[in-house]
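Novice: just coords:
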DNA sequence: TAATTATATAAGTAAATAATTATATTAGTG
DNA sequence: CACTAATATAATTATTTACTTATATAATTA
């Protein structure tokens, strides 16, 4: 159970198409910023800012490994959000289509 | 399964605090516009416009009965949204606190 | 340590949108 | 039919926000 304000803030995070696509990507595997930038074909600051919002909203985890920072879903305690994310189409084709940024 | 765009549009509808509160209210029972206006303490056009968006997004039903138009949830085929709405706190106290608009 | 790669932050701009005020529509009633 | 009540629509305004461009930080490597 949460307040209406908490839930609306969370849904606001997920209601942006770019951020929702990031969540769809991370459903497949953790990714670093450059992976996401390449797949979504946008600028690095754009993705970086969206990731920051998702992280501050508690929806993703961040972990630095040398020069890369990996992001992953953080929904283990949020079943009602997992159900949402499960509605999203597979991003596997898009993931396969790029070569990786390293 | 839906497109990312469809889901983000739906979440945008639910990410507004006023609209999410309307959904929380309708979880208890169908309501006419004046009920909601009274409970949320805002203007009639404001609520009317939010209801229109929710209706056009397929999230609520509309039914006229003489001069009143009653709105109710339309989530029977959307389990992943029902779970969301179930996260919302009860509005029973707020509903009890008003006298009804008729 | 200079150069490079990956990422973050800051500032500015343009577009989207919630709320307000004013007006129109629809239905019931004397 | 005039009047009132319930609701919708239109237009305006103010706020929010996504994206861009420019710059800063952090880690790696030659």
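Specialist: In hand now; what should we look at? Being a predicted model, the structure only gives us computed values, none of them experimental.

Novice: tally of neighbours for the residue of chain A found nearest DNA strand D?
Specialist: Proximity of chain A to DNA strand D (CB to the nearest atom of the strand) peaks at residue A:66, 2.8 Å away. C-beta here means a position set from N, CA and C on the backbone, and glycine is covered the same way. Other residues within reach of residue A:66 by the criterion other CB atoms under 10 Å in any protein chain shown amount to 5.

Novice: and it, what's its pLDDT?
Specialist: Residue A:66 carries a pLDDT value of 93.

Novice: ok, now residue A:101?
Specialist: Residue A:101 is given a pLDDT of 71.

Novice: helix, strand or coil: sort out the nearest residue to it once chain neighbours are set aside for me.
Specialist: Nearest residue to residue A:101, sequence neighbours excluded (CB to CB, 6 or more residues apart in numbering or on different chains): residue A:34, at 3.4 Å. Following DSSP: H, G, I helix; E, B strand; the rest coil, we place residue A:34 in the helix state.

Novice: burial check on residue A:46, number of neighbours?
Specialist: Residue A:46, neighbours per other CB under 10 Å, totals 13.

Novice: no no, residue A:48
Specialist: 13.

Novice: give me phi/psi at it?
Specialist: phi -60, psi -40 (degrees, to the nearest 10).

Novice: leaving out sequence neighbours, find the closest residue to it.
Specialist: Spatial nearest neighbour of residue A:48, chain neighbours left out: residue A:33 (6.1 Å); criterion: CB to CB, 6+ apart.

Novice: thank you kindly, that will do.
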